[in-house]
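1. Mind folding the following:
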Amino acid sequence: MKAGKHIHVLSAGTLALLCGCTDGPEVSTDFQVRDSVGVRVVEHRVLPSRLAFHLEEVYTHGPSAGDHQFINAWSGTLLSNGVAAVGDARAQEVVAIDPSGSKVDTLGTAGEGPGEFGRVISVTALRGDTIVVEDDGNLRFTFIHDNQYVRSQSTAAFSSAWSSGGVGVLDRRLISRPTQYRLYIDEAWNRLPITAHDLDSDRWDTLTVYDVAPRLEQGRMPDPFRPWGYVGLGQEGVLIGRGDRAEIRVHDPESGLLTGIVRWPPRHARLTPGEWARYEVPRRDGSQERQAELAELRIAVVEPLPEILDVKGDDLGRLWVGRFDVSGVPSEWEVFSPNGESLGQIRLPERTTILEIRGDLMLTVQRDDLDVQAVTLYRLLPRE
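-> Next up, the predicted model:
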């Protein structure tokens, strides 16, 4: 690519050529594209207010009599045959849910032996539907195929660099990001490496770094809504977001080099009384100490509120950005095409966490008002 900057305002026709098709959700044309030194920057002047997809429930497993009971379903993956493999970080087990959502097979439970788990960090899958479970408690990867234990691979030699954070597998490389950080530092943000583990050669490499958390001031109550750093993985590469920025950066999964940036106008949102009540009410216990702590937390809130709360990619190259929500779980997501153009928004039921998006399917975990969990599979239907 030639050095220098070139600005393009894309038309709908040009965009259709870039996307390679004209079917599916319409995309926004109100943006600019700049190419500079191999980095494609897509800057939106405005994001269209429209639905990218409708949700159609395929099944919900968990709340009904006879269903498997999830305690803390943390990670999961969809296999090509429609089976969902879900890891429970509290029970330290991995289960497989059949495509109808009616049958569950246990793939491994808590323990130290072969096929058992000490601390389930991530559940993902290789091509060919071999499930990879990152087990930080036993310092190993466990490989499962056709619901059967295959083998384990130790991570003990690299345990000092790990503190949870599996992101996903691209080809046969596990992309991970540690989450431990120093509370009090000189820099504005803590920075940590994003690593790639080649599952064939057992080689570990640092791809790039990400901003995990802002600096804390000693003696000061931390902002309950302070921004964090987020890492996702998609067909386009490693996705990095920072809560206080209305942008996502795309890094090449082999070299770690920056290849693309998607930006949009920030909201500069302020905290409303209703939003604070959503955060405060579930945390009240009637004690004076708790009331005083909540009052301090309200004073500690820094505005404007963060822009994003999560970032994910899918196997079709789409980019999913979870908007900030005081509940800690984004309900509204912005969806972008592989080229960075806006497809619109999608809104999930409250307290719904996305585990994985594959094709037109979205695997999620939902919590009700009593904190009971259920795994729900949705089909994504293009908006009419």
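2. So what's the residue count around Val83?
-> 18 (other Cβ atoms under 10 Å). C-beta: built from backbone N, CA, C; applies to glycine.
3. my guess is it contacts Val95, does it?
-> No: look at Val83 against Val95 with Cβ atoms under 8 Å: they stay out of range, at 10.2 Å.
4. How far away from the center of its chain is stretch 74-89?
-> With Cα atoms, centre = their mean, to the nearest Å as the basis, stretch 74-89 stands 14 Å off its chain's centre.
5. buried set for it?
-> 74-79, 83-89 (16 or more other Cβ atoms under 10 Å).
6. Export the residues you listed as CSV, with columns for secondary structure and distance to Asp360.
-> Putting those into CSV (DSSP: H, G, I helix; E, B strand; the rest coil; distance: Cβ to Cβ, whole Å) gives the following:
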residue, secondary structure, distance to Asp360
Trp74, strand, 24
Ser75, strand, 21
Gly76, strand, 17
Thr77, strand, 16
Leu78, strand, 11
Leu79, coil, 15
Val83, coil, 16
Ala84, strand, 15
Ala85, strand, 19
Val86, strand, 19
Gly87, strand, 23
Asp88, strand, 26
Ala89, coil, 28
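7. Where does Gly274 sit: helix, strand or coil?
-> Applying DSSP: H, G, I helix; E, B strand; the rest coil to Gly274 yields a three-state assignment of helix.
8. circling back: and the buried residues of stretch 74-89 as TSV, adding pLDDT?
-> As requested, the buried residues of stretch 74-89 are exported to TSV (pLDDT from 0 to 100):
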residue	pLDDT
Trp74	87
Ser75	93
Gly76	95
Thr77	96
Leu78	97
Leu79	96
Val83	96
Ala84	97
Ala85	97
Val86	97
Gly87	95
Asp88	94
Ala89	90
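9. Closest one of these to Leu309?
-> Trp74 (16.4 Å; Cβ to Cβ).
10. what's the closest non-adjacent residue to that closest one?
-> Nearest non-adjacent residue to Trp74, counting by Cβ to Cβ, 6 or more residues apart in numbering: Ala89, 3.8 Å away.
11. ok, the one you found - contacts?
-> Neighbouring residues of Ala89 by Cβ atoms under 8 Å, 6 or more residues apart in numbering: Asn72, Ala73, Trp74, Ser75, Arg119, Val120, Ile121.
12. The third one and Phe117 touch, don't they?
-> So the one you mean is Trp74. No: the pair Trp74 and Phe117 fails to qualify as a contact (Cβ under 8 Å) at a distance of 11.8 Å.
13. And stretch 138-147, what's buried?
-> Those would be Asn138, Leu139, Arg140, Phe141, Thr142, Phe143, Ile144, for stretch 138-147 by 16+ other Cβ under 10 Å.
14. On the three-state scheme, the residue lying closest to Gly243 once chain neighbours are set aside is what?
-> Take Gly243 and drop its neighbours on the chain: the residue closest to it by Cβ to Cβ, 6+ apart is Pro227, 2.6 Å away. When classified by three-state DSSP, Pro227 comes out as coil.
15. Please enumerate the shared neighbours of Trp74 and Phe117.
-> Taking Cβ under 8 Å, 6+ apart as the contact rule, Trp74 and Phe117 both touch Gly87.
16. what sits against the residue nearest to Arg367 when sequence neighbours are not counted?
-> Counting by Cβ to Cβ, 6+ apart, Arg367 lies nearest to Arg351, which is 4.3 Å off, once chain neighbours are set aside. If you count contacts by Cβ under 8 Å, 6+ apart, Arg351 has them with Ser327, Val329, Gln366, Arg367, Asp368.
17. Taking the chain centroid, which residue in the protein is the extreme one?
-> For the chain, the C-alpha lying farthest from the average C-alpha position belongs to Gln288; by Cα atoms, centre = their mean, that distance is 36.8 Å.
18. What pLDDT does the model give it?
-> Looking at Gln288, its pLDDT stands at 92.
19. Can you point out the buried residues in stretch 281-298?
-> Of the residues in stretch 281-298, Leu294, Leu297 count as buried by neighbour count, 16+ other Cβ under 10 Å.
20. and for it, what are the contacting residues?
-> Contacts of stretch 281-298 (Cβ under 8 Å, 6+ apart): Met221, Pro224, Trp276, Glu280.
21. who are the neighbours in contact with the first one?
-> Pointing back at Met221 there. Shown in contact with Met221 (Cβ under 8 Å, 6+ apart): Glu296, Leu297, Ile299, Ala300.
22. all helices in the stretch 151-300 of the chain, in order from the N-terminus.
-> Remark: helices assigned in the stretch 151-300 of the chain by DSSP state H, counting those that start in this stretch are 273-280, 288-300.
23. what's the closest of the ones you listed to Thr206?
-> That would be helix 288-300 among those, by Cβ to Cβ, at 34.1 Å.
24. Tell me which helix or strand comes right after that closest one.
-> Using DSSP states H and E, the next helix or strand after helix 288-300 towards the C-terminus is strand 308-313.
25. got the CA coordinates for that following strand in CSV?
-> The C-alpha atoms that make up strand 308-313 are tabulated as CSV, following Å, rounded to 0.1, in the frame of the first residue of the first chain:
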residue,chain,number,x,y,z
ILE,A,308,-18.3,0.5,25.5
LEU,A,309,-18.6,-2.5,27.8
ASP,A,310,-17.5,-5.4,25.5
VAL,A,311,-16.3,-6.3,22.0
LYS,A,312,-16.7,-9.5,20.1
GLY,A,313,-16.1,-10.9,16.6
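26. immediately after it, which helix or strand?
-> In the C-terminal direction, the helix or strand that comes right after strand 308-313 (DSSP H and E) is strand 319-323.
27. Starting from that following strand, tell me which strands it pairs with and how they run.
-> strand 308-313 (antiparallel), strand 332-336 (antiparallel) (DSSP bridges).
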